[in-house]
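Participant: Quick one: sequence and predicted model below, then my questions.
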Amino acid sequence: MSQEAASMDPVYQYVYLGSKVADGLLGWLTIGVNPKASRTVNHAVAWTANGGVANGSGGGGPPRVV
């Protein structure tokens, strides 16, 4: 990302598709991925027949029903 930051915003860019926002925007992201990274990820909840159940090691609570 430091190489990209020398010439542009390495996180988010956009351009107008016309002369105003109502005409539309085109946006894109530049991200970096470390293919050698290894992480253990614990889900916060599990979905069961009775709904969401919090995972004690993942934090959070059951999913909200909207």
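Facilitator: Yes, it's here. Numbers count the residues shown, from 1 in each chain.
Participant: Who is Gly51 paired with across the strands?
Facilitator: Assessed by DSSP bridges, Gly51 has beta-bridge partners Thr48.
Participant: Tell me where the protein has strands.
Facilitator: 12-16, 25-29, 45-48, 51-54 (DSSP state E).
Participant: shaky segments in the chain?
Facilitator: In the predicted model of the chain, residues 1, 4, 8-10, 56-66 satisfy pLDDT under 70.
Participant: what's the distance between Ala44 and Gly52?
Facilitator: Ala44 sits 9 Å away from Gly52, going by Cβ to Cβ, to the nearest Å. The C-beta positions use only the backbone N, C-alpha and C, and glycine is treated the same way.
Participant: what does Asn34 give?
Facilitator: 31 Å.
Participant: Show me which of the two is the more surrounded one.
Facilitator: In this view Asn34 and Gly52 are compared by other Cβ atoms under 10 Å, and Gly52 has more residues nearby, 16 against 7.
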